[in-house]
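A.B. asks: Provided below for reference: sequence and predicted model.
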2 protein chains.
Amino acid sequence: MLTNARLVYQPHDHVRCINAALDRAHEICANANVRLTATREAILKLLWQSHQPLGAYQLQQQLAKVSDKPIAPPTIYRAIEFLIELGLVHRIPSLNAFVGCPFPSSEHSNIFFICENCKTVAEIADNRVNTLLNTLCDKANFKHMLQTIELFGLCPNCESGDNDE
Amino acid sequence: MLTNARLVYQPHDHVRCINAALDRAHEICANANVRLTATREAILKLLWQSHQPLGAYQLQQQLAKVSDKPIAPPTIYRAIEFLIELGLVHRIPSLNAFVGCPFPSSEHSNIFFICENCKTVAEIADNRVNTLLNTLCDKANFKHMLQTIELFGLCPNCESGDNDE
DNA sequence: AATAATGTGTTATATTATAACATACTACTT
DNA sequence: AAGTAGTATGTTATAATATAACACATTATT
């Protein structure tokens, strides 16, 4: 089992999260022989500013603050597409938003804990889930390729009332 | 385990699917003491015309053919919202589309087999999946309320080449 | 019939995403 | 170093999905 849940739900040195993510990204891009351009890196960095997913237009607004020129949606979406293909970012379909992947290039389950109060998203990978789902797919003769598992609820902080509710 | 996969993937008397779904809907609405109005029923029926999810604007187009007056998006979305709340319909987030639920008022897993070729969607409920996911949530102190599990791949017909690819 | 509750119509607009084509940048070749 | 192919971004317009706000209509209840 692989997860960033503990980290996400506890106070932590978030700068380290960001830096680790960026370091991994540089390495992965180098290995894949693709370019982590300024725009792409800026977007990845923004997505790592918190553990809350951002939409494309939120990213655009944030970028406008950082950069001098405004960046149009197609460029945002292209960068996101690039990051997703490399496994550095996930799309959360029900939120129309994007979040940094805490363990790219590991085996995935694409399980997301989505807090309906604070919108924080933690990710989990668990072999047993993958195995079980594969079994179900095999039984139905469904050739399973990808998956997204969204779990909605309350994170520990919001459940306990530590966050404003 | 509960699924409509076999049915969906095999030739079957689809009129029976539709009628069964409408009968269940009438019963459920009667029990809940809410109204299955003409518009709501028409939309539910359209969603049951096939095992492929339809978007709100597709529903609008189809309705235009059946009914005399055009129906505006808000009405469509309201009807969908109603049907979802009653458990008669599911939203497939990654498709922005809606599909009839084959077993409303049964225990759910909200697992969907989504064929990327023919777009057909089958649904599965499986206790083991729910149990396992609950375990993961408990471990992380995440209070789990709802879920959506989307499995992307190829249905048996498309995998075998029976459908045009 | 009066009223409250529920459902729908209507207009406008917000939000998310992509198509199509032009330009710019990068890396490689010679 | 200039030419070129490949990659990335800029730009404009628009498609696709979804909702807000308010008016009107229908249904159920008294």
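C.D. replies: Perfect, thanks for sending it. Numbering: from 1, shown residues only, chains lettered A, B, ... in the order given.

A.B. asks: near DNA strand D, which residues of chain A are found?
C.D. replies: By the criterion of CB under 7 Å from any atom of the strand, the positions of chain A lying close to DNA strand D are A:34-35, A:37-40, A:69, A:71-75, A:78-79, A:82. (Glycine included, C-beta is placed from N, CA and C.)

A.B. asks: okay, helices next: where are they in chain A?
C.D. replies: Along chain A, the segments classed as helices by DSSP state H run A:5-9, A:14-32, A:38-47, A:56-66, A:73-85, A:127-139, A:156-160.

A.B. asks: one step back: of the residues of chain A next to DNA strand D, buried ones?
C.D. replies: Buried subset of the residues of chain A next to DNA strand D (neighbour count, 16 or more other CB atoms under 10 Å in any protein chain shown): A:39-40, A:71, A:79, A:82.

A.B. asks: just the closest of these to chain B, please.
C.D. replies: Each of those was checked against chain B using CB to the nearest CB; the closest is A:Phe82, at 19.2 Å.

A.B. asks: any idea how far that closest one lies from A:Thr75?
C.D. replies: A:Phe82 sits 11 Å away from A:Thr75, taking CB to CB, to the nearest Å as the criterion.

A.B. asks: contacting residues for A:Leu44?
C.D. replies: A:21-22, A:25, A:36, A:83, A:88-89, A:100 (CB atoms under 8 Å, 6 or more residues apart in numbering or on different chains).

A.B. asks: from the residues you listed, which two are the most distant?
C.D. replies: Checked with CB to CB, these reach their widest spread between A:Leu36 and A:Gly100, with 13.5 Å between them.

A.B. asks: quick one: which of these two has more around it?
C.D. replies: When A:Leu36 and A:Gly100 are compared on other CB atoms under 10 Å in any protein chain shown, the one with more neighbours turns out to be A:Gly100, at 29 against 21.

A.B. asks: DNA strand C contacts on chain A?
C.D. replies: If contacts are counted using CB under 7 Å from any atom of the strand, the residues of chain A sitting beside DNA strand C are A:35, A:55-58, A:72-74, A:77, A:96-97.

A.B. asks: need the max-distance pair from these.
C.D. replies: Farthest-apart pair in the residues of chain A next to DNA strand C is A:Arg35 and A:Asn96; separation 26.7 Å (CB to CB).

A.B. asks: close to chain B: what parts of chain A are there?
C.D. replies: In this structure, chain A approaches chain B at residues A:1, A:3, A:5-6, A:9, A:93-94, A:111, A:113, A:115-116, A:122, A:124, A:126, A:128-129, A:132-133, A:136-137, A:140-156, A:159, judged by CB under 8 Å from any CB of the partner chain.

A.B. asks: what are the phi and psi values for A:Leu36?
C.D. replies: Dihedral angles phi and psi of A:Leu36 (degrees, to the nearest 10) take the values phi -90, psi 80.

A.B. asks: could you pull up the residues touching it?
C.D. replies: Taking CB under 8 Å, 6+ apart as the definition of contact, the neighbours of A:Leu36 are A:25-26, A:29, A:44.

A.B. asks: now, of those, which are buried?
C.D. replies: When burial is judged by neighbour count using 16+ other CB under 10 Å, the buried members of these are A:25, A:29, A:44.

A.B. asks: show me which of these is closest to chain B.
C.D. replies: Taking CB to the nearest CB as the measure, chain B lies nearest A:Leu44 of the buried ones among the contacts of A:Leu36, at 22.0 Å.

A.B. asks: let's see the pLDDT reported for the closest one.
C.D. replies: What the model reports for A:Leu44 is a pLDDT of 98.

A.B. asks: next one: it from A:Leu63, what distance?
C.D. replies: Relative to A:Leu63, A:Leu44 is positioned 12 Å away (CB to CB).

A.B. asks: same deal with A:Thr131?
C.D. replies: Noted for A:Thr131: a distance of 41 Å to A:Leu63, by CB to CB.

A.B. asks: nearest spatial neighbour of A:Ile92, chain-adjacent residues omitted?
C.D. replies: On the basis of CB to CB, 6 or more residues apart in numbering or on different chains, the spatially nearest residue to A:Ile92 that is not a chain neighbour turns out to be A:Pro53, at 5.2 Å.

A.B. asks: what's the local residue count around that neighbour?
C.D. replies: A count of neighbours around A:Pro53, defined by other CB under 10 Å, yields 22.

A.B. asks: same deal with the one 5 residues further on?
C.D. replies: Taking other CB under 10 Å as the criterion, the count of residues near A:Gln58 is 16.
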